[in-house]
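Q: Structure of the sequence below:
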Amino acid sequence: MTMLTMAKALNAGLRRALEADPKVVIAGQDVGKLGGVFRVTEGLQKDFGEHRVIDSPLAESGIVGTAVGMALRGYRPVCEIQFDGFVYPAFDQIVSQASRLHYRSRGLLKMPIVIRIPYGGGIGAVEHHSESPEAYFCHTAGLKVVTCSNPVDAYWMIQQAVASDDPIIFFEPKRRYHERAEVDESASPVPLHSARLVRPGTDVTLIAYGPMVKTCLDAAEAATEEGRDLEVIDLRTLSPLDMAIVLESVQKTGRAVTVHEAQLNLGLGAELAARITEQCFYSLEAPVLRVAGFDLPYPPSRVEEEYLPDLDRVLDMVDRSLAY
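A: The predicted structure follows:
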């Protein structure tokens, strides 16, 4: 067992991936000598060389476009997009090329690319540095989208993503980078594209991912003071969605609240609400409710705490669900 922050767990996972396969390469702005703006790749260029941990130009489209070509030649590129809002120049390469080549070639070509994106707010940054663009990619057929919420998942999921033959968008909740947990490097990991029940309960199901999992766990703990028993599910995989645990939980509790940082309109919560309603209609005691960011561009950092979903907003929605 080793006590690691999420950033260090990702670093350790990437190190193991580089050791396991000489075709794994990392590329991105400042990932080499600097070790990344969040130091996730710190020390990797020194140990594996500039030909495997590559400091790229300031050009996201070039980073991902080059990775597409490398993947076609048998490499397993891991791209770092320095901040969530910087991914848009690479959007065409991701959506028009990386997501389609396996299908376009009738399965003959693999596209083993991982695109790492630190995402979400809560670090005192500004627009383009604090966004939650996951729904864009979840809507794109041919891509897989995952997000870790803790150091243990970070360590295993990044290795599983690198080993996959599919193009994977790997979202990392930047405000959780410095949270610590014990990581057992000899354990058996949970499958990559599976959700996990992280807190059992009986009254309401909270469904979250990435940075909001801890918020929901804190809300569930606070709710015990009022005699309420909240169940918390960490989705982990956003596309494909693993609905089995979600549906089982909602059939038990009869109530569901989805929680994410991204804007409410057309967010993941809407898709979850639709699927739960379709498959658990006769088990529901209340409508599926949503907690999310407001339908605005990300605000200045001095007011971001008013924008981000917090414990109080989650508990307010729990109260609404239980009032039905």
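Q: ranges for the helices of the chain?
A: 6-20, 44-48, 60-72, 91-92, 101-104, 134-138, 151-163, 212-223, 244-253, 268-280, 304-307, 311-323 (DSSP state H).
Q: Same list, those, but as JSON lines with mean neighbour count please.
A: To be clear about C-beta, it is placed using only N, CA and C from the backbone, and glycine gets the same treatment. Below are the helices of the chain laid out as JSON lines (neighbours: other CB atoms under 10 Å):
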{"stretch": "helix 6-20", "mean neighbour count": "22"}
{"stretch": "helix 44-48", "mean neighbour count": "16"}
{"stretch": "helix 60-72", "mean neighbour count": "20"}
{"stretch": "helix 91-92", "mean neighbour count": "14"}
{"stretch": "helix 101-104", "mean neighbour count": "15"}
{"stretch": "helix 134-138", "mean neighbour count": "21"}
{"stretch": "helix 151-163", "mean neighbour count": "24"}
{"stretch": "helix 212-223", "mean neighbour count": "22"}
{"stretch": "helix 244-253", "mean neighbour count": "19"}
{"stretch": "helix 268-280", "mean neighbour count": "18"}
{"stretch": "helix 304-307", "mean neighbour count": "14"}
{"stretch": "helix 311-323", "mean neighbour count": "17"}
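Q: want to throw the ones you listed into a markdown table with mean pLDDT?
A: Listed next are those as a markdown table, based on pLDDT from 0 to 100:
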| stretch | mean pLDDT |
| --- | --- |
| helix 6-20 | 98 |
| helix 44-48 | 97 |
| helix 60-72 | 97 |
| helix 91-92 | 97 |
| helix 101-104 | 94 |
| helix 134-138 | 98 |
| helix 151-163 | 98 |
| helix 212-223 | 97 |
| helix 244-253 | 98 |
| helix 268-280 | 98 |
| helix 304-307 | 92 |
| helix 311-323 | 97 |
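Q: So which of those is nearest Q82?
A: helix 60-72 (8.4 Å; CB to CB).
Q: rewinding a little: export the helices of the chain to CSV and append columns for distance to A187.
A: Converted to CSV, the helices of the chain look like this (distance: least, CB to CB, whole Å):
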stretch, distance to A187
helix 6-20, 13
helix 44-48, 23
helix 60-72, 29
helix 91-92, 36
helix 101-104, 31
helix 134-138, 27
helix 151-163, 8
helix 212-223, 19
helix 244-253, 20
helix 268-280, 28
helix 304-307, 36
helix 311-323, 30
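Q: Which one of those helices lies nearest to V114?
A: helix 151-163 (4.7 Å).
Q: what helices or strands is the closest one leaning on?
A: With contacts defined as 3 or more CB pairs under 8 Å, 6 or more residues apart in numbering; DSSP states H and E, helix 151-163 has these neighbours: strand 2-5, helix 6-20, strand 76-80, strand 114-119, strand 168-173, strand 180-183.
Q: I'd like those as a markdown table, with distance to E231 appended.
A: What follows is the helices and strands packed on helix 151-163, written out as a markdown table (distance: least, CB to CB, whole Å):
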| stretch | distance to E231 |
| --- | --- |
| strand 2-5 | 27 |
| helix 6-20 | 24 |
| strand 76-80 | 34 |
| strand 114-119 | 25 |
| strand 168-173 | 21 |
| strand 180-183 | 21 |
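Q: For Q29, find the nearest of these.
A: That would be strand 76-80 among the helices and strands packed on helix 151-163, by CB to CB, at 7.3 Å.
Q: What pairs with the closest one, parallel or antiparallel?
A: Applying DSSP bridges, strand 76-80 is found paired with strand 24-28 (parallel), strand 114-119 (parallel).
Q: Any chance you could give me it in PDB, C-alpha atoms only?
A: Extracted C-alpha coordinates of strand 76-80, given in PDB (Å, rounded to 0.1, in the frame of the first residue of the first chain):
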ATOM      1  CA  ARG A  76      -0.200   4.000 -28.200                       C
ATOM      2  CA  PRO A  77      -0.100   7.800 -27.800                       C
ATOM      3  CA  VAL A  78      -1.300   9.500 -24.700                       C
ATOM      4  CA  CYS A  79      -2.100  13.200 -25.300                       C
ATOM      5  CA  GLU A  80      -2.300  15.800 -22.600                       C
END
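Q: what's the angle from that strand to helix 60-72?
A: If you take axes from the mean of the first three to the mean of the last three CA atoms, to 10 degrees, strand 76-80 sits at 170 degrees to helix 60-72.
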